[in-house]
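Colleague: Build me a model from this:
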Amino acid sequence: MLSKLRKVFCWDPHIFLRCPVCGGPKGREPLCERCLELLKIIDGGYCPLCGRIYHGTQDVFLCGDCLVRPREWDWFGFFGAYKGVLRDMIMDFKYRGDFSVLGCLQRLLYLAYLKHSVDWVPDLVIPVPIHQNRLKTRGFNQALEIGILLSRRIKKTIKKDVLIRIRDTRPQVGLTGHMRKQNVRHAFSVLSELHGEKVLLIDDVYTTGATIFECVKELKKTGAGSIGVLVVARSQQSIFI
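Modeller: Next comes the predicted model:
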């Protein structure tokens, strides 16, 4: 059984003595002191509805896009910018199946919820789904796995059978904003009608928002009430002030 677990989760008997990000020595924490020091939750300088990051200010205010095109969701939360240690952990987990960083990513998502939700508690926690074909090749849905700790802490079960991906779209990496939007158009469907429930939609990274827009559109169309969007990281599409 132990050998099977090591194979599935990419665990090594000595991996807990080393930081999974930099390989340096560590104690009982999931990362070494240096990497933990680099992981600081964003404290200002961003748009509260899409997380767009500003440089040169710590003020929190709506960006031009959100002022011109109001979002369908009610609030947005994230831990930090998609760079450095945070980016490395997400990449290692998502594309290399390195489960040694999962516990840390789960904690970061929960911290982001505590900071941005302002006591808003959902009725449903829904991960952005991946298509069955990708689930077979990857072996897991990263959004679902990252959201497990959050669901336990707020005592809400993650519903993975409400929102599904019905089209096997190409990966969004490397696509322009317009191409991303076209790529995920009509890619999602809601299996059961909603009746005004508050929904927390979770994912690992927000880049252009194309995937989130499509998911929220389907949830709203089938009766969702207030919607919050929570991700671990926001890509650095920044505005300079």
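Colleague: Three-state assignment for residue 200, please.
Modeller: Three-state assignment for residue 200 (DSSP: H, G, I helix; E, B strand; the rest coil): strand.
Colleague: Flag the shaky bits of the chain, pLDDT-wise.
Modeller: Along the chain, the model assigns pLDDT under 70 to residues 1-16, 170-183, 237-241.
Colleague: which helix is the longest one in it?
Modeller: Ranked by residue count under DSSP state H, the longest helix found in the chain is helix 102-116.
Colleague: how about the helices in this structure?
Modeller: 2-9, 33-38, 64-68, 84-96, 102-116, 132-138, 142-146, 148-153, 177-183, 210-221.
Colleague: follow-up on the earlier one: which other helices and strands contact the longest helix of the chain?
Modeller: For helix 102-116, the packing partners by 3 or more Cβ pairs under 8 Å, 6 or more residues apart in numbering; DSSP states H and E come out as strand 75-81, helix 84-96, helix 142-146, helix 148-153, strand 199-206, strand 227-234. Where C-beta positions appear, they are placed from N, C-alpha and C, glycine not excepted.
Colleague: Reformat those into a markdown table and put mean neighbour count and distance to residue 218 next to each item.
Modeller: Below are those laid out as a markdown table (neighbours: other Cβ atoms under 10 Å; distance: least, Cβ to Cβ, whole Å):
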| stretch | mean neighbour count | distance to residue 218 |
| --- | --- | --- |
| strand 75-81 | 23 | 18 |
| helix 84-96 | 18 | 23 |
| helix 142-146 | 22 | 15 |
| helix 148-153 | 17 | 21 |
| strand 199-206 | 24 | 10 |
| strand 227-234 | 26 | 11 |
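Colleague: Hey, what's the angle from the longest helix of the chain to helix 84-96? Just curious.
Modeller: 130 degrees (axes from the mean of the first three to the mean of the last three Cα atoms, to 10 degrees).
Colleague: still on that earlier bit, closest one to residue 164 among the helices and strands packed on helix 102-116?
Modeller: Proximity to residue 164 (Cβ to Cβ) singles out helix 142-146 among the helices and strands packed on helix 102-116, at 12.2 Å.
Colleague: what's the distance between residue 17 and residue 37?
Modeller: Residue 17 is 19 Å from residue 37, where distance means Cβ to Cβ, to the nearest Å.
Colleague: One more: residue 105?
Modeller: 17 Å.
Colleague: With neighbour numbers in mind, choose between the two.
Modeller: Each of residue 105 and residue 37 has its neighbours counted (other Cβ atoms under 10 Å); residue 105 has more, 25 against 10.
Colleague: That one contacts residue 146, doesn't it?
Modeller: Yes: counting by Cβ atoms under 8 Å, residue 146 is a contact partner of residue 105 at 5.0 Å.
Colleague: what touches both of the two?
Modeller: In terms of Cβ atoms under 8 Å, 6 or more residues apart in numbering, residue 105 and residue 146 are both contacted by the residues 93, 204, 232.
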